[in-house]
Structures are given as C-alpha cells and as structure tokens.
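Peer 1: Just a sequence and a predicted model for now, questions to come.
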Amino acid sequence: MVQFREGVPKARLTGQLIWFLGWLAVTVAAIWLSPSSQMHGTHQQLGLPACPSVAFFDRPCFGCGMTTSFTALIHLDFVTAFKAHPFGPLFYLLFTLSAIGCGWGWMKNKYMDTDNKRFNRATIIVTVAFVSFGIVRFATVKYGSQEFASTQAAIALTRSEQGR
C-alpha cells in the first residue's frame with residue numbers, strides 16, 4: 001500500500017518533514033493538555049475559540065471531540081478517547097504511522113509514495129465513514145453547552161439594541 005522510492009531530491013521530501021513535525025507538535029500539545037470532561041472543547045486550552053458549530057447550533061461538527069480524543073489517548077484514557085470521538089484513536093494511529101514513515105523516509109532520503117488504488121480506496125472508505133458519522137451526530141446530538149448559551153445571549157442582546 002505504501003512504497004518508498006529512492007532517488008528523489010531532498011527538496012521534494014520537505015512535505016514529509018513538515019508532516020512529521022506536525023505530528024510531533026500535535027503529540028506534544030496532547031501531552032500538555034488535559035482532556036475536557038465535556039468530551040469536546042479541549043482545544044480551548046490552547047486559546048482557540050469554541051467550535052462555531054457548538055456556539056451557533058449547540059451541535060457537534062464532524063471533528064468535535066477530536067482534540068479531546070487525541071489528548072485522552074496520549075494520557076492512556078482509552079474510554080474517554082473513544083467517547084469523545086470514535087474516529088480519534090484510529091486517526092491518531094494513522095497519523096502516527098504515517099508520521100513515522102515520513103520521518104524515516106526523510107532521514108533515509110526516500111519518498112513515501114501513497115499514490116495507488118488500494119491506498120486511495122481505503123482513504124475514500126474512511127472519509128465516507130467519517131462524514132456519515134459527522135452528519136448523523138450533528139443531527140442527533142445536542143450539547144446544552146455554555147458556548148451556545150453565551151452566543152444566544154449575545155444575539156438576543158444585539159437584537160434588543162437594534163430594536164431601540
């Protein structure tokens with residue numbers, strides 16, 4: 001499924017180094033963070049805003065809970081990792097394996113080639129499953145979150161001031 005090709009210029013391998021460093025940054029951040037007890041919102045510990053889907057609709061987006069899942073997995077809390085987002089542990093495992101392959105390929109001056117039918121089919125299957133899960137979860141899960149309440153209060157206040 002994945003092949004390593006030799007004889008590729010080092011400049012062409014820059015993307016592999018960036019992928020590995022991205023994985024390293026995500027892993028270090030996950031070590032530093034604490035999984036949110038709400039099963040989403042862990043990314044806010046990094047100073048990022050609440051997910052717009054949660055703030056405006058009180059419903060999870062496709063990726064809601066992914067940071068919590070990664071963080072819980074890194075902290076060996078497998079139950080929370082799967083509860084926060086069932087795809088989180090799978091995605092982190094795939095991210096880790098691909099990052100190790102990219103890092104190894106970069107060090108050995110080999111290009112990690114994933115352009116083949118089996119890899120592309122597997123990617124399509126995982127993507128369709130992820131999107132389908134996200135649609136069903138958005139339609140069926142309501143959080144009752146503080147972010148949503150705050151957003152609704154701000155909208156109501158704005159509307160009342162416009163009515164004056």
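Peer 2: Thanks, I have the structure now. Numbers count the residues shown, from 1 in each chain.

Peer 1: In stretch 74-82, which residues are buried?
Peer 2: 74, 77, 80-82 (16 or more other Cβ atoms under 10 Å). Every residue, glycine included, has its C-beta placed from N, CA and C.

Peer 1: quick one: buried residues of stretch 86-102?
Peer 2: 87-89, 91-92, 95, 98-99, 101-102.

Peer 1: Which of those fall within helices?
Peer 2: If you go by DSSP state H, the buried residues of stretch 86-102 have 88-89, 91-92, 95, 98-99, 101-102 in helices.

Peer 1: Next, format the buried residues of stretch 74-82 as TSV and append pLDDT, distance to residue 126 and secondary structure.
Peer 2: As requested, the buried residues of stretch 74-82 are arranged in TSV below (pLDDT from 0 to 100; distance: Cβ to Cβ, whole Å; DSSP: H, G, I helix; E, B strand; the rest coil):
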residue	pLDDT	distance to residue 126	secondary structure
74	97	21	helix
77	96	24	coil
80	95	22	helix
81	96	17	helix
82	95	16	helix
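
Peer 1: one step back: closest one to residue 10 out of the ones in helices among the buried residues of stretch 86-102, please.
Peer 2: residue 102 (13.6 Å; Cβ to Cβ).

Peer 1: Just checking the distance from the longest helix seen in the chain to the centre of its chain.
Peer 2: Longest helix in the chain by number of residues (criterion: DSSP H): helix 117-140. Relative to its chain's centre, helix 117-140 lies at 14 Å (Cα atoms, centre = their mean, to the nearest Å).
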